[in-house]
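S.K.: Okay, sequence plus prediction incoming.
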Amino acid sequence: MKLEPTGERMIVEHYKSSIEDYVIYLMHIATYRFAEPFVQDKRVLDYGCGSGYGSARMAETAASVDAVDVAGDAIAHARERFPRENLRFRRIDPASPLPYADGSFDTVLSFQVFEHVADTGHYLGEIRRVLAPGGTLILVTPDRSTRLLPLQRPWNRWHVREYSAGSLAATLRRTFRDVQMQSMSGRRDVIDVELRRCRRLMWTTLPFTLPVFPDALRVGLLNALHALRGRPAAGSAAREFDFDESAIRIGPGLRPSLNLVATARP
């Protein structure tokens, strides 16, 4: 099954036609690399698995991976593309409880999902319920400090809310006792590619990303802008670049920060 790119899914073949897309790809890879020690020989839930690429990578060392998503086309693509004996894909209803018993997982992964979630209490409560005692949530979400002006709403049409380090930590601590915050940054010439992209979108989407605009109007205007801009055609020639995921770093207090990386335990 062919899965159409939306800019929100990790589809490898669509991330090598420009330097901007390649840097985003490396940010995903760095996230999976960071998670690897937390999933080795563990029962893992990938909560918001998208195309399934990351789930398959985690399944290489995990005892088992259950990967869920709200999008049926993403789940169909993942099942077709990444069959593994220890990897199961399942479509879920975001408003319903997760279809797993309490304490089913040692590690829950939530990568580039939380910014899409309206009911964060339900989402985090279900994660805590299905985590086993001593289990770990790893949550990665964009850092609004490098993407948005103060009070600006997301310029990404799919995002409900973007977080600062402080607001994310406060939100997670309503559900989890132990929350540790880190940031994703890296080699300056590489991360500058993403910073320039974000600054360009931050300014070009004003003023309709300001809070005075109703959310439905914000999304409608962003959809119109996206339609005008378009995306590179599928099948664009892959390019070669002289850097890899080692240019991306995750650690405490790194600046400028592209993504927030939180580990949380009940």
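M.R.: Received, thanks.
S.K.: Please make it C-alpha for all contacts and neighbour counts, starting now.
M.R.: Will do.
S.K.: okay, and for the stretch 51-200 of the chain, where does confidence drop off?
M.R.: For the stretch 51-200 of the chain, no stretch has pLDDT under 70.
S.K.: hey, where'd the helices end up in it?
M.R.: With DSSP state H, counting those that start in this stretch applied, the stretch 51-200 of the chain shows helices at 53-59, 72-81, 120-130, 165-172, 188-204, listed in chain order.
S.K.: Quickly compare the ones you listed and say which is most buried.
M.R.: Compared across these, helix 53-59 shows the largest average neighbour count, a mean of 22 (mean count of other Cα atoms under 10 Å).
S.K.: picking that back up, and the helices of the stretch 51-200 of the chain as a markdown table, adding distance to Leu221?
M.R.: Below are these laid out as a markdown table (distance: least, Cα to Cα, whole Å):
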| stretch | distance to Leu221 |
| --- | --- |
| helix 53-59 | 31 |
| helix 72-81 | 25 |
| helix 120-130 | 25 |
| helix 165-172 | 27 |
| helix 188-204 | 12 |
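S.K.: partners of Leu260 in the sheet?
M.R.: Beta bridges link Leu260 to Thr141, Ser183 when assigned by DSSP bridges.
S.K.: quick one: it from Ser110, how far?
M.R.: Noted for Leu260: a distance of 12 Å to Ser110, by Cα to Cα, to the nearest Å.
S.K.: which residues do these two both contact?
M.R.: Common neighbours of Leu260 and Ser110 are listed as Val140 (criterion: Cα atoms under 8 Å, 6 or more residues apart in numbering).
S.K.: Next, count neighbours for Thr61.
M.R.: Counted by other Cα atoms under 10 Å, the residues lying close to Thr61 total 17.
S.K.: my read: it touches Asp41, true?
M.R.: Yes - Thr61 is within contact range of Asp41, at 6.2 Å (criterion: Cα atoms under 8 Å).
S.K.: All the strands of the chain, in order from the start?
M.R.: In the chain, the strands defined using DSSP state E lie at 43-47, 64-69, 87-91, 105-111, 131-142, 178-186, 248-251, 259-265.
S.K.: Save those as CSV, and put in distance to Leu222 and mean neighbour count too.
M.R.: Shown next, in CSV, are the strands of the chain (distance: least, Cα to Cα, whole Å; neighbours: other Cα atoms under 10 Å):
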stretch, distance to Leu222, mean neighbour count
strand 43-47, 26, 25
strand 64-69, 24, 24
strand 87-91, 27, 20
strand 105-111, 23, 24
strand 131-142, 18, 21
strand 178-186, 26, 20
strand 248-251, 29, 19
strand 259-265, 22, 23
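S.K.: Export those as JSON lines, with columns for distance to Ala216.
M.R.: Output for the strands of the chain, formatted as JSON lines (distance: least, Cα to Cα, whole Å):
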{"stretch": "strand 43-47", "distance to Ala216": "26"}
{"stretch": "strand 64-69", "distance to Ala216": "24"}
{"stretch": "strand 87-91", "distance to Ala216": "26"}
{"stretch": "strand 105-111", "distance to Ala216": "25"}
{"stretch": "strand 131-142", "distance to Ala216": "22"}
{"stretch": "strand 178-186", "distance to Ala216": "31"}
{"stretch": "strand 248-251", "distance to Ala216": "35"}
{"stretch": "strand 259-265", "distance to Ala216": "26"}
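S.K.: If we ignore the residues flanking it in sequence, what's nearest Ala56?
M.R.: Among residues not flanking Ala56 along the chain, Phe82 sits closest, at 6.2 Å (Cα to Cα, 6 or more residues apart in numbering).
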